[in-house]
Each structure stands twice: as structure tokens, then as C-alpha cells.
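Trainee: This is the structure alone, sequence omitted:
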């Protein structure tokens, strides 16, 4: 469904010298430098997949999404979605995609939501029967009934986000681009939106590209991740592959019988570990030890802990995906240095 082949995007940035003289020089003879926002990124997405597209701030995610949606033109490389070029076939192409850009709404502020949808129906030339079927589905999945007659300006953030997602799906797009769809929402609303995205993806085989900083969205919705940093591909694979390749960190959780016993645990000295390989955090008697199981086997950590102190409860868990990705980014920074 989506083919991205070695796309690159460069911008020119004007360098202004300080002071009034610098402003005059910049006006008549500006000095510019080239900034590479996206550097030869490639990935393919089959029909019906939910792809997690992630990276730190400034990595180039939004620039890639804007090229895929036809807003920006690549400096080099190419991208096609459902066989169409987003820039050359823009008019026919936009009828096949839906886009939600974070907190930038596509709804009319003063119109009731139902009238906004009626306007979008005419813009996308959706037939009456298809519109009715789609509204019935969206009402069921996104629970719009309680506020569909309310002006958009009166909606809460959670209601507006659900309304925006519904607006992007009215014309049954083949590809849905979601940029931070759960940003700023409470846990209940986040869960409802995640379930809605998963249901629509399953029922209509809509291909979804999900950009988010909430990695819970990725774990719950996506089986595959494309990760970029500084405009380049860093990782392309499944969540399980990410955990297998970079998830050697484990977490030891236990509750102390005596809070003072924590000083008896000297993991760094015992196993010769660095600050990067082990960290210890505690909230009164509850302790979390994050450690690199490539340096110290889990059994050795358990044996040393239990032989050194008395605990009331103990468990070992895999590190969460946020910790894995943090380590991967840090590895990329060190490699660049």
C-alpha cells in the first residue's frame, strides 16, 4: 500500500548576522545553509497494517508524514501510496487518505458536529447510502451520539479528538495517518480511541500510520515499528524483534522487610557494573532495580539480592518499551559521536 524509497528532504536556512548591519546584509545578500531534515529513508507498508512510526523530537517524523500526504515535495527519492504519487496525483490522491494532525482540528469551530460531517460528505462526494452506513459505524465505534449536535467549540479535548478521527474516516480512506491521536487525553478516552482504531483497521482493512510519543499506543496497536532519528532509519521490524535485539534490560521489583537494608545492596561493586548497566530506585520500602541481563544473569541478581537482605515480595519483569527505545536512541547518539 505504501512504498517509500530513499526519500530525502533538504531545506535552506538563512543565517542572520547580529545587529542592524547584519540585518541589512541578510536582506540584500543573505547567507544560507542546507539543513537535511530527512536523509534517505525507505520503508514499505502492506495493506491493512498498523505501522508505528516513531522517533524523538526533531527526528523528521512530521516531515516524512507531510511528504506522504502531499504537503511537501521530496528533494530526492520517491513515495507512492496505493499506486499514486502524493504530489503529482494530489487531487485524486487526497480522496483516498485520512489525516489527523494532533491538536490541529479539521472541524468547523462554530458548526454543530453533524453539520460539519454533512459538509465533509459533500466535499468528498460520498453517496447518501454510504454516508449513512459510515455514520452508523462511527457512532457505534467512537460513541458520538452524546455530542454530535453540539458546536465543535463546546467539545472537550477527548470528544474533539474522537470527532476528528471520525471526520478523517467519513470517506472510507484506504490509508489513515494519525499524528499523536491520544495526546493530552485521559486514560479512559485513550483506551476508547485505541479500540476504535483497532476495530476500524480490522473491519475495513484500513492501513494506518501511527506517529506518537505515547509508546503504549505502539505496544497495543502496532506489531511493526519504523524508528527514525536525525532523519535516518534506525530500526524497522516488529515489536518482538525490537525487544529481542535491544531488550536485554530487566527490572527486579521487591519490597523490603526493613527499609534500612537497601544500603546492603552493592550491585555495582559485586558485579562490576556501570551506571548504564544498573540503576536502583526506591519509594520507601518498594525498590526497582533495572539491570542489563547481558552483564549479569537474572539468577545471579536474584541470588545476591535474596542472600543479602530479607524481602517480603520479589518479581522480575522485562523492561518496558520506553526503556528499550531510550537505550536504542542513546546507542545511536554514541555511534554518531
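Mentor: Received it, and whenever you're ready, just let me know what you need. It should be emphasised that the depicted structure is a prediction, and the values quoted were computed from it without experimental measurement.
Trainee: the helices in the stretch 1-150 of the chain, which residues?
Mentor: Secondary structure of the stretch 1-150 of the chain (DSSP state H, counting those that start in this stretch): helices at 19-28, 61-68, 90-93, 113-123, 128-142.
Trainee: and the last one, what's its mean pLDDT?
Mentor: It stands for helix 128-142. Over the span of helix 128-142, the pLDDT mean works out to 89.
Trainee: Kindly state which of the helices of the stretch 1-150 of the chain is positioned closest to residue 292.
Mentor: Distance to residue 292, taken as CB to CB, is lowest for helix 61-68 among those, at 28.7 Å. Using the backbone N, CA and C atoms, a C-beta is placed for each residue, glycine as well.
Trainee: hang on, the earlier thing: out of the helices of the stretch 1-150 of the chain, which one sits most buried?
Mentor: Highest mean neighbour count of the helices of the stretch 1-150 of the chain: helix 61-68, a mean of 22 (counted as mean count of other CB atoms under 10 Å).
Trainee: one step back: out of the helices of the stretch 1-150 of the chain, nearest to residue 273?
Mentor: Residue 273 lies closest, by CB to CB, to one member of the helices of the stretch 1-150 of the chain: helix 61-68, at 34.2 Å.
Trainee: And the closest residue to residue 73 other than its chain neighbours, what's its pLDDT?
Mentor: Among residues not flanking residue 73 along the chain, residue 87 sits closest, at 5.0 Å (CB to CB, 6 or more residues apart in numbering). pLDDT, residue 87: 88.
Trainee: Please apply the same query to the one 3 residues further on.
Mentor: In this prediction, residue 90 carries a pLDDT score of 84.
Trainee: Now do the contacts for it.
Mentor: Applying CB atoms under 8 Å, 6 or more residues apart in numbering to residue 90 gives the contacts residue 70.
Trainee: Residue 85 too?
Mentor: Contact partners of residue 85, counting by CB under 8 Å, 6+ apart, are 78, 79, 93.
Trainee: between these, which is nearest residue 2?
Mentor: In terms of CB to CB, no member of the contacts of residue 85 lies closer to residue 2 than residue 79, at 7.4 Å.
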